[in-house]
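Enquirer: With the sequence up front, the predicted model follows.
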Amino acid sequence: MALKETHIALAHGNGGRFMRELIEELFVTRLRNSLLDTSLDAVTLPTLPTGMLVVTTDGFTVQPLEFPGGNIGSLAVHGTINDLAVSGAVPYYLTLNVFIEEGTEIALLERLIDGMAQAAYDSKVCVVAGDTKVVPRGQADGVYFATTGFGVRPQSLQLGMKHIRAGDRILVSGTVGDHGAAVLLARQEFGFHGALQSDSASILDAAQALCNISGLRFMRDPTRGGLATVANEIARATSLCVRLREDAIPISEPVQSVCELLGYDPLYLASEGRLVAVVSAGVADQARVALRNTGADARLIGELTDEPAQVIMQTELGGERVLEELEEDPLPRIC
């Protein structure tokens with residue numbers, strides 16, 4: 001039975017009939033999840049495989065809620081899965097908190113949950129528990145999602161910035177800045193239009209391919225703040241210099257064009273379907289091939305050196321420039 005209402009009312013969050021129908025007819029039905037039992041206040045789950053339990057939590061506030069290549073629903077699933085993936089874990093379960101603004105179209109909400117359901121199904125993860133809140137008109141930008149993800153990592157796998165050494169190499173699994181640039185265009189605030197799509201996707205296959213390589217040191221998905229922010233985090237945590245090569249960093253022509261027109265640096269724009277990895281020099285080529293075997297356009301883009309901690313870009317003209325740590329938000333509400 002479909003919901004009769006066309007827009008969310010405060011009554012959809014009061015714990016009564018309207019809320020029950022919203023949860024049962026929209027979330028439960030569309031998430032297609034046999035483990036989601038709304039009659040319980042807590043879920044009992046099958047025992048996970050042997051290994052280290054890995055947990056992550058995140059919030060999503062993108063505007064617009066729908067953009068080329070996805071929506072906030074699919075983005076929430078991909079973002080949570082990717083945080084587990086770059087920790088070396090295989091994701092199994094998600095929980096979901098939904099904050100809905102009064103007046104939100106139910107048809108829009110259905111599309112967002114459909115995007116979430118498809119992303120979860122494709123990634124073989126289950127949404128097993130959740131909560132719904134409705135806030136008065138004007139107190140939210142339509143819909144916010146908050147998620148918690150649970151996965152398992154092999155006990156033998158050791159990842160982290162503390163394992164990074166001078167001489168290690170840096171890889172990226174594909175073009176950078178696609179999500180941030182796609183959201184910019186989707187807002188239609190600047191009068192530009194184009195076919196550019198967000199790169200929002202699961203990076204689990206790519207991460208797992210790297211986890212089979214003994215020289216893997218560290219992985220991170222370059223979301224808020226982009227590649228430059230990840231590089232600065234590495235430099236700060238390791239007290240090493242991150243040296244990047246401008247000619248090796250993949251940036252698509254549409255992203256480059258958008259950034260040139262609007263004055264953005266693609267290295268600081270979010271990617272939602274890419275990973276940055278640090279590996280020992282001896283396995284760098286092996287890691288690049290492993291990523292490419294998963295369909296990723298992997299590139300070796302730099303290395304760590306025993307110099308003062310900073311991020312230095314070697315430009316295509318042979319010069320150098322320092323990539324400073326981000327201070328201002330270049331693109332609000334992108335993830």
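Expert: Here it is on my side, so go on. Numbering: from 1, shown residues only.
Enquirer: now the strands for this protein?
Expert: For the chain, the strands defined by DSSP state E occupy 52-60, 66-67, 70-71, 90-101, 126-135, 143-153, 169-172, 216-220, 241-245, 276-279, 299-305, 311-314, 320-322.
Enquirer: Just put these in a markdown table and tack on distance to residue 111, mean pLDDT and mean neighbour count.
Expert: For glycine as for every other residue, the C-beta is placed from the backbone atoms N, C-alpha and C. Shown next, in a markdown table, are these (distance: least, CB to CB, whole Å; pLDDT from 0 to 100; neighbours: other CB atoms under 10 Å):
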| stretch | distance to residue 111 | mean pLDDT | mean neighbour count |
| --- | --- | --- | --- |
| strand 52-60 | 15 | 96 | 16 |
| strand 66-67 | 7 | 94 | 20 |
| strand 70-71 | 7 | 96 | 24 |
| strand 90-101 | 14 | 96 | 21 |
| strand 126-135 | 17 | 94 | 18 |
| strand 143-153 | 11 | 97 | 21 |
| strand 169-172 | 31 | 98 | 25 |
| strand 216-220 | 30 | 98 | 23 |
| strand 241-245 | 38 | 98 | 21 |
| strand 276-279 | 31 | 98 | 26 |
| strand 299-305 | 35 | 98 | 20 |
| strand 311-314 | 39 | 97 | 20 |
| strand 320-322 | 42 | 96 | 10 |
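Enquirer: Would you reformat these as JSON lines and include distance to residue 5?
Expert: Shown next, in JSON lines, are those (distance: least, CB to CB, whole Å):
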{"stretch": "strand 52-60", "distance to residue 5": "24"}
{"stretch": "strand 66-67", "distance to residue 5": "20"}
{"stretch": "strand 70-71", "distance to residue 5": "21"}
{"stretch": "strand 90-101", "distance to residue 5": "12"}
{"stretch": "strand 126-135", "distance to residue 5": "12"}
{"stretch": "strand 143-153", "distance to residue 5": "16"}
{"stretch": "strand 169-172", "distance to residue 5": "45"}
{"stretch": "strand 216-220", "distance to residue 5": "42"}
{"stretch": "strand 241-245", "distance to residue 5": "52"}
{"stretch": "strand 276-279", "distance to residue 5": "44"}
{"stretch": "strand 299-305", "distance to residue 5": "50"}
{"stretch": "strand 311-314", "distance to residue 5": "51"}
{"stretch": "strand 320-322", "distance to residue 5": "55"}
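Enquirer: Compare the ones you listed and give me the one nearest residue 184.
Expert: strand 66-67 (9.6 Å; CB to CB).
Enquirer: Okay, now the sheet partners of that closest one, with direction.
Expert: Using DSSP bridges, strand 66-67 pairs in its sheet with strand 70-71 (antiparallel).
Enquirer: Tell me which residues are up against the partner strand.
Expert: With contacts defined as CB atoms under 8 Å, 6 or more residues apart in numbering, strand 70-71 is touched by 65, 78, 111, 112, 115, 198, 200, 272.
Enquirer: The strands of the chain: which one's closest to residue 44?
Expert: Set against residue 44 and scored by CB to CB, those come closest in strand 126-135, at 9.4 Å.
Enquirer: Render the CA-only coordinates of the closest one in PDB, please.
Expert: Coordinates of the C-alpha atoms in strand 126-135 are reproduced here as PDB (Å, rounded to 0.1, in the frame of the first residue of the first chain):
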ATOM      1  CA  CYS A 126      22.000  -4.800   4.700                       C
ATOM      2  CA  VAL A 127      20.400  -1.800   6.400                       C
ATOM      3  CA  VAL A 128      19.500  -3.500   9.700                       C
ATOM      4  CA  ALA A 129      18.300  -0.700  12.000                       C
ATOM      5  CA  GLY A 130      17.300   2.900  11.900                       C
ATOM      6  CA  ASP A 131      15.400   5.800  13.300                       C
ATOM      7  CA  THR A 132      13.200   8.600  11.800                       C
ATOM      8  CA  LYS A 133      12.800  12.200  12.900                       C
ATOM      9  CA  VAL A 134      10.800  15.000  11.300                       C
ATOM     10  CA  VAL A 135      11.800  18.600  12.000                       C
END
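Enquirer: Measure how it sits relative to strand 143-153, angle-wise.
Expert: Strand 126-135 runs at 150 degrees relative to strand 143-153, counting by axes from the mean of the first three to the mean of the last three CA atoms, to 10 degrees.
Enquirer: Quick one: work out the angle between strand 126-135 and strand 90-101.
Expert: Using the same axes, to 10 degrees: strand 126-135 against strand 90-101 is 20 degrees.
Enquirer: Partner strands of strand 126-135 and their direction?
Expert: strand 90-101 (parallel).
Enquirer: what's the spacing between the closest residue to residue 207 other than its chain neighbours and residue 290?
Expert: Nearest non-adjacent residue to residue 207, counting by CB to CB, 6 or more residues apart in numbering: residue 85, 3.9 Å away. Relative to residue 290, residue 85 is positioned 14 Å away (CB to CB, to the nearest Å).
Enquirer: who's more crowded, the two?
Expert: Higher neighbour count among residue 85 and residue 290: residue 85, with 29 against 22, using other CB atoms under 10 Å.
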